[in-house]
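Novice: all I have is the shape, not the residue letters:
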């Protein structure tokens, strides 16, 4: 065995660092040393111990990762202890089933089994198949190709990527437009009864000729916006005369529940193929039709249809105490997974949490890490430490172009046995962006009923729902998610007026020890209500929010629906467009929160919105300022009248003297009056990615679309 190498850190072709057990930097030749190799031109019948085929072509690297995994298993049977290294040469490794690692593949502490990129090369594990044989159809813009196995019923892919760019299932109306329903089939006279009745979820009425008996109706999908979720439905039947569409699978909410706020569109039928970037697939013939975007040449472009939902699976058995342990995956790209559209079952939930798998899925995993990896072009979530996963790390990974969200930690329920619970995991220094492409409610990082996790120094951008969701219990039930740290993240460009009831960081439930600290949150805009920066929702309790900078949000930099004894201190809360910089919704008999030593820059909205009548809260030592003047407090009170009611007794109204508020430069002058109240300056440069410029400058190559707030042109 080669000398054990403690950590191989690569990003692209850049070697960041490599330490051997002596602590010295390894020579360049040592970077390429491994126990086994995998290459696109390899052969699973070879030994796998050579980095490239020998001259006689009688030995060389393996052709598949699975073969290298099996070789490591055999080697550990002869020499237990782990510390084996497998290097993957550059190229595409197309797989037709997920690569599975079990407890027998584990390394040991201090000697993990490592699967990494060969220095300077990029291996791509792909779940997609190329589509070739394109032909132009007449004088029109559409091209067609036959996808093998579709008409035989072997598979039915629902995603298409052309030149690495996600195509759009042909839809009406064309994106980003939507349709508005005429209402439920029957009026919701008793809303409580409607929630319980399956009849309220069978279908709805449409307007004019918005829905028609199109071709391939059996494969058409209707996407319906509720409030904070979208549901997906198979179309069962259409009644043009009665203007009723009936659906195979129900949503969680009755149709018509959200009134005029509801919207929908229909996709995946041939009559809708009328815009660049759209495609349809005929299941009876296997013919794929595509309307190219400007500049796309289908005779030269790589066209991929995914056929798997999972690419890599860590399959431990936490209930039996059999864990997958001490595996490292470094600088490997995992790309192209698909999604399914089942019949009869709900395809709908907050945060798209109903999804049952991910591109990289782990159960019963301990100290299994992903570093400098890429996960992209997915059908659902990218990476999920699901059941019984502890002490795992995701570091400096680039996760993007996602069907739903990026990372999930834990489950919707909390297992009763500690060994089956997920917790103590770290997501650090990752760039997570461009999500919600299929399941619009997907979030950047979802932490369910899981504790002691850390989300630090990540950049999270361009999702259609919340950036981070923490906790998964409603109300004041005993804690199932506590001591989670969300620190120094840059979270921005969320919502895009698609869904409501969302925010930059969203919390639920009793969460003692949970801290939201040092985050920079901006450009958050909901559809109807919401669009908050820091959002403590139902039952959020014992959460500390400090040293955050929040600006350019639709409604309140901080909003609490209801909760208990939360602490909001030493934050900059500013540039909320509507309803106040701080919003309090439900009034309860206990203390909602303590808000102290914050700078509250009140433009264009006033400082406080919502319900403040019962006085069960504490505000003090805050610095308020409204540059356009006319500062008002709840009930139309002046600041002096507000203080006379016992609030903000030591607070002030004064210009905090930001370096350049209009440019969102919130550095304070040395003589800022906020400092005299005990406010401590916040260094916003600590929020977001860290490391070499090749990494920290990556977001500049993926700028999010512009986001407009109410009142902006």
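Specialist: Good, I have the coordinates. Bear in mind that the values here come from a model prediction, so they are computed numbers and not experimental data. Residues are numbered from 1 along each chain as shown.
Novice: use CA for all of it now, contacts and neighbours both
Specialist: Will do.
Novice: for the protein, which segments count as helices?
Specialist: 28-31, 65-78, 191-196, 639-644, 673-676, 693-696 (DSSP state H).
Novice: right, so of those helices, which gets closest to residue 343?
Specialist: For residue 343, the closest of these is helix 191-196, at 20.7 Å, according to C-alpha to C-alpha.
Novice: low-confidence ranges in the stretch 501-650 of the chain?
Specialist: For the stretch 501-650 of the chain, no stretch is flagged by pLDDT under 70.
Novice: let me fix that, I meant to ask about the stretch 101-250 of the chain.
Specialist: For the stretch 101-250 of the chain (pLDDT under 70), the answer is none.
Novice: now for the helices of the chain, which one comes closest to residue 333?
Specialist: Of all those, helix 65-78 comes closest under C-alpha to C-alpha, at 13.0 Å.
Novice: and residue 599, how many residues sit next to it?
Specialist: 28 (other C-alpha atoms under 10 Å).
Novice: distance of it from residue 677?
Specialist: 10 Å (C-alpha to C-alpha, to the nearest Å).
Novice: and residue 611, by the same measure?
Specialist: Distance, residue 611 to residue 677, using C-alpha to C-alpha: 26 Å.
Novice: and for residue 238?
Specialist: 65 Å.
Novice: that older thread, of residue 611 and residue 677, give the one with the bigger neighbour count.
Specialist: Higher neighbour count among residue 611 and residue 677: residue 677, with 19 against 14, using other C-alpha under 10 Å.
Novice: does the more buried one touch residue 622 like I think?
Specialist: Yes: using C-alpha atoms under 8 Å, residue 677 is in contact with residue 622, at 7.3 Å.
Novice: need the residues touching each of those two.
Specialist: Counting by C-alpha atoms under 8 Å, 6 or more residues apart in numbering, the shared contacts of residue 677 and residue 622 are 597, 651.
Novice: what pairs with the lengthiest strand in the chain, and is each one parallel or antiparallel?
Specialist: Ranked by residue count, the top strand of the chain under DSSP state E comes out as strand 230-239. When sheet partners are counted by DSSP bridges, strand 230-239 sits next to strand 221-225 (antiparallel), strand 244-247 (antiparallel).
Novice: residues of that strand that come out buried?
Specialist: By 16 or more other C-alpha atoms under 10 Å, the buried positions in strand 230-239 come out as 230-238.
Novice: what is the nearest of those to residue 302?
Specialist: Closest to residue 302, out of all of the buried residues of strand 230-239 and judged by C-alpha to C-alpha, is residue 232, at 28.9 Å.
Novice: the closest one contacts residue 348, correct?
Specialist: Yes: using C-alpha under 8 Å, residue 232 is in contact with residue 348, at 6.7 Å.
Novice: what do those two both touch?
Specialist: residue 251.
Novice: which residues does residue 113 form beta bridges with?
Specialist: Taking DSSP bridges, one obtains residue 327 as the residues bridged to residue 113.
Novice: revised request: answer the last question for residue 93.
Specialist: residue 125.
Novice: give me the neighbour count for it.
Specialist: 21.
Novice: that one touches residue 41, doesn't it?
Specialist: No: the criterion here is C-alpha under 8 Å, and residue 93 misses it with residue 41 at 10.3 Å.
Novice: tell me how far residue 616 lies from residue 583.
Specialist: 14 Å.
Novice: between those two, which has more neighbouring residues?
Specialist: residue 583 (22 against 16).
Novice: which residues touch that one?
Specialist: 556, 558-560, 608-611.
Novice: if we go to 6 Å?
Specialist: Shown in contact with residue 583 (C-alpha atoms under 6 Å, 6 or more residues apart in numbering): 556, 559, 608-610.
Novice: any chance of CSV for these, columns distance to residue 684 and neighbour count?
Specialist: Below are those laid out as CSV (distance: C-alpha to C-alpha, whole Å; neighbours: other C-alpha atoms under 10 Å):
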residue, distance to residue 684, neighbour count
556, 20, 34
559, 21, 26
608, 25, 21
609, 26, 21
610, 29, 17
